[in-house]
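Participant: A structural model of the following input is requested.
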Amino acid sequence: MTVDEILVLLKKLGSESTKKVLMKHGAKDPCYGVKVADLKVIQKKVKKNHELALALYDSGVSDAKYLAGLIAEPSRMTKEHLEKWLKHADWQMLTEYTVAWVTAESNYGWELALDWIDSGEEAMASCGWAALSSFVVIKNDEDLDINALKRLLSFVEETIAKAPNRVRYTMNGFVIAVGSYVVELNTYAIETAKRIGTVYVDMNGTSCKVPSAIEYINKVMKRGSVGKKRKTAIC
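Facilitator: Numbering: from 1, shown residues only. Have a look, this model is predicted:
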C-alpha cells in the first residue's frame, strides 16, 4: 500500500465519536479518529516498512503517525529521525507511546532518553521517561546499567512532586517498569514508590487513572512475573 492509499483508508475508517475521545485526551488535528484496533489491521497487511513509516509520519495526520510507529523498523532509525519524530509529536499518545517505543528499540534508546529527561520541556521529558521504561522492559538485566537505573529512581523520588504534569505520569511509569522488569531493583523500586506516595496527575477530565506503582508491582510479584522481559516495546 502507498501513503496516499493508506491515508484514504484511514479517513474512511475514522469516526467522529472516536475522534472526540482522542481529542479529549489531547490529539490535535489533522486527526481522523481511527481506532487502534483498525490501525493494527493495516499494520498486519503492510508489516514492517521503514520508508512507508517515515512517509506516514511526515503526513502530519495523527492516526498515520501512530501507524508509522507500529510499522517502523527501529534499527534503521537515525538520531535525526527520532528527534524529528519527537519534535512533531503533538500529544501524549505519540510522545509517550509511538516515539518512546521506537526510540527504546532503536540503537540510541538509552542515550536519547537520558538527554530528553534533562530537557526541561514537558513533552520531551515525558517521552524520555517513557522511553526509559520501554528500554528496561525489553533489555536483559545483564545489559542494563543497574547503578544508573538506581540513581534515576532516586532522582524520581526527589523531583516527581514538582515535575510537570505528564512527566509525573511517566516518572511513575518508570518506577513501575523498573520494579516489574529489573529483578535486582524490584525491592528498591517498591521502597521508592512507598516514599513517593500517591502521584497526582491531571487527566483532563477523562476516566484514565494514574496506576499505583506499589499495587502494580505487587501484582506482578504475585503472578511470579518479575523480570520476565517482552520481545518488543511496540504494541
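
Participant: tell me how far the residue nearest the centre of the chain lies from residue 91.
Facilitator: Centroid check for the chain by Cα atoms, centre = their mean gives residue 97 as the closest residue, at 2.8 Å. Going from residue 97 to residue 91 by Cβ to Cβ, to the nearest Å gives 10 Å. Using the backbone N, CA and C atoms, a C-beta is placed for each residue, glycine as well.

Participant: still on that earlier bit, roughly how far does the residue nearest to the centre of the chain sit from residue 6?
Facilitator: 19 Å.

Participant: helices along this structure, start to end?
Facilitator: 3-13, 16-24, 36-46, 50-58, 62-71, 79-87, 92-93, 99-105, 109-117, 122-138, 146-159, 165-181, 186-196, 213-222 (DSSP state H).

Participant: okay, the third one in CSV with CA atoms only?
Facilitator: What that stands for is helix 36-46. The C-alpha trace of helix 36-46 is given here as CSV (Å, rounded to 0.1, in the frame of the first residue of the first chain):
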residue,chain,number,x,y,z
VAL,A,36,-6.1,1.4,17.4
ALA,A,37,-7.6,-2.0,16.6
ASP,A,38,-8.2,-0.8,13.0
LEU,A,39,-4.7,0.6,12.7
LYS,A,40,-3.4,-2.8,13.7
VAL,A,41,-5.3,-4.5,10.9
ILE,A,42,-3.4,-2.2,8.5
GLN,A,43,-0.2,-3.0,10.4
LYS,A,44,-0.6,-6.7,9.7
LYS,A,45,-1.1,-6.0,6.0
VAL,A,46,1.9,-3.8,5.4
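
Participant: where does pLDDT dip in this structure?
Facilitator: Along the chain, no part satisfies pLDDT under 70.

Participant: any buried residues in stretch 71-91, and which?
Facilitator: 71-74, 77, 81-86, 89-91 (16 or more other Cβ atoms under 10 Å).

Participant: got a markdown table for those, with distance to residue 165 too?
Facilitator: Supplementary listing: these in a markdown table, determined by distance: Cβ to Cβ, whole Å:
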| residue | distance to residue 165 |
| --- | --- |
| 71 | 30 |
| 72 | 27 |
| 73 | 32 |
| 74 | 28 |
| 77 | 28 |
| 81 | 28 |
| 82 | 24 |
| 83 | 23 |
| 84 | 25 |
| 85 | 22 |
| 86 | 18 |
| 89 | 16 |
| 90 | 16 |
| 91 | 13 |
